[in-house]
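Chemist: predicted model, plus sequence, below.
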Amino acid sequence: MMKGYFLFPPKTLFGKPIPKTKIYQFSDLNSATKEKFVSEVDKIIWQHKLSKETTNLAGTKEVPEIQIFNIYAKEKEVSEIVLKTIDRAIPFPIIFQIFSDDKIKIKAAYKRPSDSDKSKWVIDKYLETEWFDKNEEQKPLPLGLDLSKVYEQILHDLIPIEINHKEDSSIEDKISTLQKIQQLEKKYAQLKSKRDKEKQFNKRVELNDEMKQLKYEINQLRTL
């Protein structure tokens, strides 16, 4: 998992505040989501714009630009529905830098044009770092031949565990594997809870065998 956050080239600095009302205009918000914006978000800054003009890297159909949004939280967390609302309103991949007091976390969903309707975007599961000190030393932006490769490298750094994959595996494959691992780990935890409550010896043995098989499957997907 990534520790620290990226040092973006000075030329990419945008630094444009975005009023929450602008997000509302491009979103079909219900009252509950709007209330989360009001209670959780202090301000939104469009901090960096990674484009061909600012990075000298070509955009692609999937990643024409990458936007870096700073979200200043009123409280400890910003709900994913708030981030997803922003993602739906902005037709580019977004990396969120969420600030709370003297801490920061990086959060982003794999975002790509829909195969069935190129005017719409598919927003996958959100990946995120732990909270760390905002004065943490920044790391260089990942290298890539184009903005798609840079985007994939950023998302790869957000994957919280090491995954057993070939180096040329796509980010879709890596996220799919992560989701499989998380599903298996959830099932493993449920079986463990059930085993710990089970009184009959034979059934405990059966549950232990199931757990061993699940652990084997998890280990095959993870790089330990």
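Modeler: Received, thanks.
Chemist: tell me where this protein has strands.
Modeler: Shown for the chain, the strands assigned by DSSP state E span residues 6-7, 13-17, 41-50, 66-73, 94-100, 103-113, 121-128, 132-133, 139-140.
Chemist: so can I have a markdown table of those showing mean neighbour count?
Modeler: Using the backbone N, CA and C atoms, a C-beta is placed for each residue, glycine as well. Conversion of the strands of the chain to a markdown table gives the following (neighbours: other CB atoms under 10 Å):
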| stretch | mean neighbour count |
| --- | --- |
| strand 6-7 | 16 |
| strand 13-17 | 12 |
| strand 41-50 | 19 |
| strand 66-73 | 21 |
| strand 94-100 | 20 |
| strand 103-113 | 20 |
| strand 121-128 | 16 |
| strand 132-133 | 12 |
| strand 139-140 | 11 |
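Chemist: hey, least reliable of the ones you listed by pLDDT?
Modeler: Comparing mean pLDDT over the strands of the chain, the weakest stretch is strand 139-140, at a mean of 86.
Chemist: ok, Lys49 - contacts?
Modeler: 12, 14, 65-68 (CB atoms under 8 Å, 6 or more residues apart in numbering).
Chemist: which two among those residues are spaced furthest apart?
Modeler: Phe14 and Ile66 (11.5 Å; CB to CB).
Chemist: of the contacts of Lys49, which is the nearest to Lys74?
Modeler: Ile68 (20.6 Å).
Chemist: ok, the nearest residue to that closest one once chain neighbours are set aside - contacts?
Modeler: Excluding the flanking residues, the one nearest Ile68 by CB to CB, 6 or more residues apart in numbering is His48, at 3.7 Å. With contact set as CB under 8 Å, 6+ apart, His48 has these partners: 8, 12-14, 67-68.
Chemist: what residues sit buried inside stretch 208-218?
Modeler: Using 16 or more other CB atoms under 10 Å as the test for burial, stretch 208-218 gives 211, 214, 218.
Chemist: what do you get for stretch 138-145?
Modeler: Residues of stretch 138-145 classed as buried: 141, 144 (neighbour count, 16+ other CB under 10 Å).
Chemist: closest one to Gln183 among the strands of the chain?
Modeler: strand 121-128 (11.5 Å).
Chemist: for this structure, longest helix please?
Modeler: helix 171-197 (DSSP state H).
Chemist: so what secondary structure elements neighbour that one?
Modeler: strand 103-113, strand 121-128, helix 147-158, helix 201-221 (3 or more CB pairs under 8 Å, 6 or more residues apart in numbering; DSSP states H and E).
Chemist: let me have those in JSON lines, extended by distance to Val78.
Modeler: Converted to JSON lines, the helices and strands packed on helix 171-197 look like this (distance: least, CB to CB, whole Å):
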{"stretch": "strand 103-113", "distance to Val78": "8"}
{"stretch": "strand 121-128", "distance to Val78": "11"}
{"stretch": "helix 147-158", "distance to Val78": "16"}
{"stretch": "helix 201-221", "distance to Val78": "30"}
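Chemist: of those, which is nearest Ile81?
Modeler: strand 121-128 (10.6 Å).
Chemist: identify the residues contacting the closest one?
Modeler: Counting by CB under 8 Å, 6+ apart, residues outside strand 121-128 touching it are 80, 83-84, 87-88, 91, 105-114, 155, 158-160, 175, 178-179.
Chemist: that one: partners in the sheet, and parallel or antiparallel?
Modeler: Partner strands for strand 121-128, per DSSP bridges, with pairing direction: strand 103-113 (antiparallel).
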